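Visitor: Dropping the sequence and predicted coords here.
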Amino acid sequence: MSILVIAEHDNSSLKAATLNTVTAAKAIGDDVSILVAGSGCQDAAKAASEIAGITKVIVADAEAFEHQLPEAIAPLIVELAGSYSHILAAATTGGKNFMPRVAALLDVAQISDIVEVKSEDTFVRPIYAGNAMATVQSSDSIKIITVRTTGFDDAETGGSAAIESCDFSVSQEQSKFISEQLSVSERPELTAASIVISGGRGMQSGENFVLLERVADKLGAAIGASRAAVDAGFVPNDMQVGQTGKIVAPDLYIAVGISGAIQHLAGMKDSKVIVAINKDEEAPIFQIADYGLVADLFKALPELEEAL
Amino acid sequence: MKVLVAIKRVVDANVKVRVKADGSGVDLSNAKMAINPFCEIAVEEAIRMKEQGSVDEIIAISIGPQVCQEQIRTALALGADRGILVLSDEQVEPLAVAKILKSVVEKEQIDLIILGKQSIDTDNNQVGQMLAALCDMPQGTFACKAEIKDGQIEVTREVDGGEQTVLLSLPAVLTTDLRLNEPRYASLPNIMKAKKKPIDNTTPEEFGVDISSGLKTLVVNPPAERSAGIIVESVAELVNKLKTEAKVI
């Protein structure tokens, strides 16, 4: 049994999601290799080689892989697939984009968003926005899997695996990268933060998110939002926590002015401790909160900032 | 240009489903059903493209039991021109769905396929990408903006760090994210008119697609329950509890 993990990276650094994916891979078997496909991605490859207990790192360094467009990445993974029983990627917008393409080219099913490994062929994954957990068994010869990062701890580092290069190249004209508008923030990444404070429709405007920012600064927290807040244009889409946004499971999640729609709960209900601040005592969010505060957030947030 | 829109019948997004006691699945008896919200966005996008003059015909397709006709009718009422219902009483997994869609794409000479990025029941997020692979087409997934330009389509995608824009050659596959558009409501005259629009019935077998899957669901369990905690009276009490009881700050 050999397992290949597709690294999540931005060419210069490895993303934390890779560490969770490696932990999932290790729960399946011991022989885990990592593919780093990118352009000028040697630093990311080096970081991958430092994950403990890895067999090897394969680097495919070519211009075609720079933005990891699925039309280029999928044929590369298919080329390597013959040597592996399992191929895993994080269920991020990257992995979700190219992995089903790989599965279809290999004529096998994909197992999306696993949160638990039962055995080498049996996995648990949430369905219906996490309101049900399905245990699924795969009889396919090669298992294509995406991993929900909150389901697995970070893999340890401190290793020094061999780095091998792969000179497979792809030339495709079907898709072309045009541009990227990435949010720049000095706060921790939403999916990796140990404390997250999120705002919902109750925040009333984008400007009012400054109240959350002040609290976040005191706590070293990341800032999230409900779909309602994103749809209303208060904050950008990459802050959305929920079924179809980001899935987070921090030590502390503070939901402010969020009523608690099923779709939002799906993205945060595995947090260790949940705090809800809402002026509506009937809000469904209180049914899953460890600590609820029925209060006007415009009074409570400055008080909270003061008290920390 | 001809557009195929795939739609799925799912439980209404506001229904909180319960797992059946025998672990065989979720209980959908008497649950309100609807078009998957992302598929509704896909239908809307196709209609807008047609209104702008870049699309001539919209075909709405659904795979499932006979009742899926309701969702096809909804798409027709919104503005799709005709429907295809691929009848199957068994659950059809994403790879088989992609294979069926591929057959239709080839038969109908489709230029653009628009699908929801995921269905809110199985939460797979696979079909569009699989279809693109099988048809050897480029894919613009999780789209929040799409524009047809000189035989190509420029797609802005919602990604974890923000947004990414790519240019794809046509034919191509587009999957919708939440903010691509806001779907309209069907008007009563259009609902009446939709009753006269044709829906072709067919089966996976007619396309020669084997719907068996390498994936088997063994059991469906309810998630670990979270019980409600306590209501604190003040910010000071909250901070105190977080420090001394929960020990998270």
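Guide: Great, that's in hand.
Visitor: most centrally placed residue in the chain?
Guide: Defaulting to chain A. residue A:92 (4.5 Å; C-alpha atoms, centre = their mean).
Visitor: Which strand in chain B has the most residues?
Guide: strand B:139-149 (DSSP state E).
Visitor: State the paired neighbours of that one in the sheet, together with their directions.
Guide: Within its sheet, strand B:139-149 is paired with strand B:152-159 (antiparallel), strand B:172-176 (parallel), according to DSSP bridges.
Visitor: circling back: now do the contacts for the residue nearest to the centre of chain A.
Guide: Applying C-beta atoms under 8 Å, 6 or more residues apart in numbering or on different chains to residue A:92 gives the contacts A:8, A:15, A:17, A:149, B:160. Glycine gets a C-beta too; all of them are placed from N, C-alpha and C.
Visitor: Tell me the bridge partners for the closest residue to residue A:67 other than its chain neighbours.
Guide: Of all residues not flanking residue A:67 in the chain, residue A:177 sits nearest, at 4.2 Å (C-beta to C-beta, 6 or more residues apart in numbering or on different chains). Taking DSSP bridges, one finds residue B:166 as the beta-bridge partners of residue A:177.
Visitor: Residue A:177: how many residues sit nearby?
Guide: Using other C-beta atoms under 10 Å in any protein chain shown, the number of residues around residue A:177 comes to 13.
Visitor: Thought residue B:159 was touching it, still the case?
Guide: No. At 11.7 Å, residue A:177 does not count as touching residue B:159 under the criterion of C-beta atoms under 8 Å.
Visitor: host element of residue B:237?
Guide: In the assignment (DSSP states H and E), residue B:237 maps to helix B:235-244.
Visitor: all helices of the stretch 101-250 of chain A, in order?
Guide: Remark: helices assigned in the stretch 101-250 of chain A by DSSP state H, counting those that start in this stretch are A:209-219, A:227-231.
Visitor: and the ones you listed, which is most packed in?
Guide: Comparing the helices of the stretch 101-250 of chain A by mean neighbour count (mean count of other C-beta atoms under 10 Å in any protein chain shown), helix A:227-231 ranks first with a mean of 22.
Visitor: Just the CA trace of that one, in PDB.
Guide: Coordinates of each C-alpha in helix A:227-231 appear next as PDB, following Å, rounded to 0.1, in the frame of the first residue of the first chain:
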ATOM      1  CA  ARG A 227     -23.100  33.800   4.500                       C
ATOM      2  CA  ALA A 228     -25.600  36.600   5.300                       C
ATOM      3  CA  ALA A 229     -22.800  39.000   6.100                       C
ATOM      4  CA  VAL A 230     -20.900  38.100   2.900                       C
ATOM      5  CA  ASP A 231     -24.000  38.200   0.700                       C
END
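Visitor: any idea of the mean pLDDT for it?
Guide: Regarding helix A:227-231, the rounded mean pLDDT is 96.
Visitor: what's in contact with whichever helix or strand comes after it?
Guide: The C-terminal neighbour of helix A:227-231 among helices and strands, as given by DSSP H and E, is strand A:252-256. With C-beta under 8 Å, 6+ apart as the test, strand A:252-256 has contacts from A:194-200, A:202-203, A:212, A:215, A:219, A:221, A:226, A:264, A:268, A:271-278, A:285, A:289, A:297, A:300-301, B:242, B:246, B:248-249.
Visitor: pretty sure residue A:53 contacts residue A:31?
Guide: No. The criterion here is C-beta under 8 Å, and residue A:53 misses it with residue A:31 at 9.8 Å.
Visitor: More neighbours: these two, which one.
Guide: Counting neighbours by other C-beta under 10 Å for residue A:53 and for residue A:31 shows that residue A:31 has the greater number, 18 against 14.
Visitor: residue contacts, the closest residue to that one other than its chain neighbours?
Guide: Using C-beta to C-beta, 6+ apart and skipping the chain neighbours, the partner closest in space to residue A:31 is residue A:2 (4.7 Å). By C-beta under 8 Å, 6+ apart, the residues touching residue A:2 are A:29, A:31, A:33, A:55, A:83-86.
Visitor: Give me the residue at the spatial middle of chain B.
Guide: residue B:116 (3.2 Å).
Visitor: Identify the bridge partners of that residue.
Guide: Beta-bridge partners, per DSSP bridges, of residue B:116: residue B:176.
Visitor: do you know how far it is from residue A:261?
Guide: Separation of residue B:116 from residue A:261 (C-beta to C-beta, to the nearest Å): 18 Å.
Visitor: relative to helix A:209-219, how tilted is the helix holding residue B:237?
Guide: 40 degrees (axes from the mean of the first three to the mean of the last three C-alpha atoms, to 10 degrees).
Visitor: and helix B:235-244, what does it pack onto?
Guide: Applying 3 or more C-beta pairs under 8 Å, 6 or more residues apart in numbering or on different chains; DSSP states H and E, one finds that helix B:235-244 contacts strand A:273-278, strand A:291-294, helix A:297-307, strand B:230-232.
Visitor: Helix, strand, or coil at residue B:39?
Guide: helix (DSSP: H, G, I helix; E, B strand; the rest coil).
Visitor: quick one: which of the contacts of residue A:92 sit in helices?
Guide: residue A:17 (DSSP state H).
Visitor: Among the contacts of residue A:92, find me the one that's closest to residue B:28.
Guide: Taking C-beta to C-beta as the measure, residue B:28 sits nearest to residue A:149 out of the contacts of residue A:92, at 29.8 Å.
Visitor: shouldn't the closest one be in contact with residue A:15?
Guide: No. Under the criterion of C-beta under 8 Å, residue A:149 makes no contact with residue A:15, lying 9.4 Å away.
Visitor: Pull up the overlap in contacts between those two.
Guide: With C-beta under 8 Å, 6+ apart, residue A:149 and residue A:15 have common neighbours A:90, A:92.
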